[in-house]
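Student: Any chance you could fold what I've pasted below:
(2 chains)
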Amino acid sequence: MTDAVTADGLVKHYKEVKAVDGVSLRVPEGSVLGVLGPNGAGKTTTVRMLTTLIRPDAGSATVAGADVLRDPQEVRRRIGVSGQYAAVDEHLTGRENLEMVARLYHLPRGEAKARARELLAQFRLEDAANRPTKTYSGGMRRRLDLAGALVARPPVIFLDEPTTGLDPRSRGDMWEVINDLVGHGTSVLLTTQYLEEADRLADNIVVIDHGQIIAEGTADQLKAQVGGERLEITVADPALLDQAGDILAGVGDGAVETDRHSRRLIVPVSGGTQSLLAAVRRFDEASITVQDIGIRRPTLDDAFLSLTGHRAEQSEQSDEADVDNDNDNDEQLELAR
Amino acid sequence: MTTEQLTTGQIARPSAIGSFVSDGLTVAKRNLIKIRRVPDLLIFTTLQPIMFVLLFGYVFGSLAGSGASVQAGYREFMMAGIFTQTIIFGATITGYMMAEDMQKGVIDRFRTLPMHPSSVLFGRTLTDVLNNVIVLIVMSLTGLIIGWRLHGGALHALWAYVLMLLFAYALSWLFAFVGLRVRSPEVVNNASFMVIFPVTFIANTFVPSQNMPSVLKTIAGWNPVSTITQSARENFGNLYALKGNPQPTHAQVDKQTAYTWALQHPDLYTLIWTVVLLAVFVPLATSAYKKAVAK
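Tutor: This is a model prediction of the structure:
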């Protein structure tokens, strides 16, 4: 299988800030690569280098077989880009926007009109086709922007935070559209700060933080890195925490993690439901009241936390301060889940 | 020369010229749709010159003397000056619009498309020429209403308009460059106002520059704003309108009014400026465009 996108050692520094510091990645043809990271991690800068918007200080990359540095114009012919800003002209109608983009991909006039019509139908924008896009909702604008990226049926699509700032329903709509794309053999590189999104859409994931890739693999592989299932309990009486810890040590097969503040205990287990039942029996015998008990499978969120030391959606303020042009908008508080 | 320009140049694109023109026209079409949907800017850019014509014509006109014919003469005299000032302000729209497109991410989208790198700028500057044409027509009509007349024949008048538009076009590229380098459209507006006001006033636009203090007189004598105005006055036959006797065609210009080589050869001098501006700012703006990314 050939690679739709390859990047080797991409570097982009802004003065003192290493926005991207040696990123290498591959997108096998027909697959989706999720680039996952917090605000300011270097996701957008990476995409901007791959889509010929900015020149890397070092490194090399190819997109759909064309060299990004030596033949940017050829790259542009073979890619579609949809950014977090939804770069549609707000004074043009949806149809005019798409026809313009089609003409700029050098489709003949008739074909441009036909393609615009087709995409408006596909993205359920027909009713709004002749309205200026400033009357569109956020979700409609994103759909139109994505439609613009697909005008020339490019083999490779870049989606920079395609659902940032969207409400859950519009987000679900976008996921459907993207899934559909992939079903038709398009290769996709998408950036996201939402773990759920990467989990849902991406075949492979690279986790990026401070301009460097800190982990890569499938969602399952990344989850496996944080270990297997864990048993989590919350006890009612804080005085019984130590006793409960002793019991859990007998049930689980690893060190017991104790959080006194929330009266919570966590231990790795291998027996699944059997371990859960055993724990319940022993607490009962010891007359320890359990407020909450359950088996937790690691989420991508856990993986991210253990890889970066911080949660994906709550990067520190200092991380964002003009590290690069990543995500100036104020969506970082919005949670995907 | 950056490596980007070199590497891009190595690839022969058979349709480079065709792509430049057709992409430029597509962008111009988009800009025109925008003017139609949001006519505020066009309305403002045409109302403002009407206001200037009336304001300057009647307020400054009263300085020229107390007789009605003297004041009518001033109004004829200052028309060329107002034309020049207005089309120069018109060129700043280019910068404002480029900065706005940058801010909104539209340039990012354009830059990921396989377009000719100069075509967005070409489309933008082309639109602004059309904008200036409309403004010139509106001003001319206003001028005619308040008594301004062409005494130099239609062809001469046409040449005067063409020269103004050419210079404004070249200036549009300068402002496109500025627009691509600043952070917001408002900066273009404020900065250009600061520069353009003195540049259009230290010239023969509204008063004969030969009576200015010596330093200002010299600046005015070599200011291209003066030479465009001078050329327009000659071609409109308004050069001696202040003296109440409009000359027929191309008058022998006296040394007192045309006290510099530039003022003696206003067409040539203006054309030299136009060519130099284009030679400098077409490549500069194009290179700025190639590096432009939304902040």
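Student: Quick one: the helices in chain B, in order.
Tutor: Listed in chain order, the helices of chain B (DSSP state H) span B:3-10, B:16-37, B:40-59, B:61-64, B:68-103, B:106-111, B:119-145, B:154-181, B:185-201, B:214-222, B:224-236, B:261-264, B:266-291.
Student: leaving aside the residues next to it on the chain, what's closest to the residue in the stretch 151-295 of chain B positioned nearest to chain A?
Tutor: Closest approach between the stretch 151-295 of chain B and chain A, counting by C-beta to the nearest C-beta: residue B:293, at 5.3 Å. Any C-beta I mention is one placed from the backbone N, CA and C, and that applies to glycine too. Nearest non-adjacent residue to residue B:293, counting by C-beta to C-beta, 6 or more residues apart in numbering or on different chains: residue A:53, 5.3 Å away.
Student: Tell me the helix or strand right after whatever helix or strand residue A:174 lives in.
Tutor: Take DSSP states H and E as the rule and residue A:174 turns out to sit in helix A:168-183. Sequence-wise, the next helix or strand downstream of helix A:168-183 (DSSP H and E) is strand A:187-192.
Student: name the helices or strands packed onto that next one?
Tutor: If you count contacts as 3 or more C-beta pairs under 8 Å, 6 or more residues apart in numbering or on different chains; DSSP states H and E, strand A:187-192 packs onto strand A:3-14, strand A:17-28, strand A:32-36, helix A:43-50, strand A:156-160, helix A:168-183, helix A:195-201.
Student: Give me the contacts around it.
Tutor: Strand A:187-192 has contacts (C-beta atoms under 8 Å, 6 or more residues apart in numbering or on different chains) with A:4-5, A:27-37, A:43-44, A:46-47, A:50, A:64, A:155-164, A:178, A:181-182, A:197-198, A:201-202.
Student: I would like a ChimeraX command selecting only the buried ones among these, please.
Tutor: The following ChimeraX line selects those of the contacts of strand A:187-192 that are buried, judged by 16 or more other C-beta atoms under 10 Å in any protein chain shown:
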select /A:4,5,27,28,30,31,32,33,34,35,36,37,43,44,46,47,50,64,155,156,157,158,159,160,161,162,163,164,178,181,182,197,198,201,202
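Student: need the residues of chain A near chain B, please.
Tutor: When proximity is defined as C-beta under 8 Å from any C-beta of the partner chain, chain A approaches chain B at A:48, A:51-55, A:69-74, A:76-77, A:79, A:81, A:83, A:85-92, A:96, A:100-101, A:103-106, A:132, A:148, A:325, A:328.
Student: What is the end-to-end distance of stretch B:255-266?
Tutor: Taking C-alpha to C-alpha, to the nearest Å, stretch B:255-266 runs 13 Å from one end to the other.
Student: Just the buried residues of it, please?
Tutor: Across stretch B:255-266, burial judged by 16+ other C-beta under 10 Å covers B:257-260, B:262-266.
Student: Tell me the one among these nearest to residue A:234.
Tutor: Distance to residue A:234 across the buried residues of stretch B:255-266 (C-beta to C-beta) is lowest for residue B:262, with 86.9 Å.
Student: Tell me if I'm right that that closest one and residue B:219 touch.
Tutor: No. With contact defined as C-beta atoms under 8 Å, residue B:262 does not count as touching residue B:219 (11.1 Å).
Student: Dump the buried residues of stretch B:255-266 into a markdown table; add distance to residue B:94 and pLDDT as well.
Tutor: Conversion of those to a markdown table gives the following (distance: C-beta to C-beta, whole Å; pLDDT from 0 to 100):
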| residue | distance to residue B:94 | pLDDT |
| --- | --- | --- |
| B:257 | 32 | 81 |
| B:258 | 31 | 86 |
| B:259 | 33 | 89 |
| B:260 | 29 | 92 |
| B:262 | 25 | 93 |
| B:263 | 28 | 92 |
| B:264 | 31 | 91 |
| B:265 | 28 | 93 |
| B:266 | 24 | 94 |
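Student: show me what contacts the closest residue to residue B:164 other than its chain neighbours?
Tutor: Leaving aside its chain neighbours, residue B:164 sits nearest to residue B:87 (5.2 Å; criterion: C-beta to C-beta, 6+ apart). By C-beta under 8 Å, 6+ apart, the contact list for residue B:87 reads B:132, B:135-136, B:164-165, B:167-168.
Student: Kindly provide the distance from residue A:271 to residue A:258.
Tutor: Residue A:271 sits 21 Å away from residue A:258, taking C-beta to C-beta, to the nearest Å as the criterion.
Student: Repeat that for residue A:136.
Tutor: Using C-beta to C-beta, residue A:136 is found at 51 Å from residue A:258.
Student: List the buried residues of stretch A:190-208.
Tutor: Using 16+ other C-beta under 10 Å as the burial criterion, the residues of stretch A:190-208 that qualify are A:190-202, A:204-208.
Student: Next: stretch A:221-238.
Tutor: Buried residues in stretch A:221-238, counted by 16+ other C-beta under 10 Å: A:222-223, A:226, A:229-233, A:235.
Student: Also stretch B:284-295?
Tutor: Buried residues in stretch B:284-295, counted by 16+ other C-beta under 10 Å: B:284-290, B:292-294.
Student: now, which of those residues sits nearest residue B:104?
Tutor: Among those, and counting by C-beta to C-beta, the member closest to residue B:104 is residue B:294, at 7.6 Å.
Student: sorry, back to before: what average pLDDT does the helix holding residue A:174 get?
Tutor: The predicted model assigns helix A:168-183 a mean pLDDT of 86.
Student: Can you identify each of the helices in chain A by residue range?
Tutor: For chain A, applying DSSP H gives helices covering A:43-50, A:72-78, A:94-104, A:109-122, A:138-150, A:168-183, A:195-201, A:219-225, A:241-251, A:273-285, A:300-308, A:317-320.
Student: Mind exporting the C-alpha coordinates of the longest one to CSV?
Tutor: In other words, helix A:168-183. This file holds the C-alpha atoms of helix A:168-183, laid out as CSV (Å, rounded to 0.1, in the frame of the first residue of the first chain):
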residue,chain,number,x,y,z
PRO,A,168,-23.2,18.0,19.2
ARG,A,169,-25.8,17.5,16.5
SER,A,170,-23.8,19.3,13.8
ARG,A,171,-20.8,17.4,14.9
GLY,A,172,-22.6,14.2,14.4
ASP,A,173,-23.6,15.4,10.9
MET,A,174,-20.0,16.2,10.0
TRP,A,175,-18.9,12.7,11.2
GLU,A,176,-21.3,11.1,8.9
VAL,A,177,-20.1,13.1,6.0
ILE,A,178,-16.5,12.3,6.7
ASN,A,179,-17.2,8.6,7.2
ASP,A,180,-18.9,8.6,3.8
LEU,A,181,-15.9,10.2,2.2
VAL,A,182,-13.6,7.5,3.5
GLY,A,183,-16.0,4.9,2.2
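Student: elements contacting that helix?
Tutor: With contacts taken as 3+ C-beta pairs under 8 Å, 6+ apart, helix A:168-183 sits against helix A:138-150, strand A:187-192, helix A:195-201.
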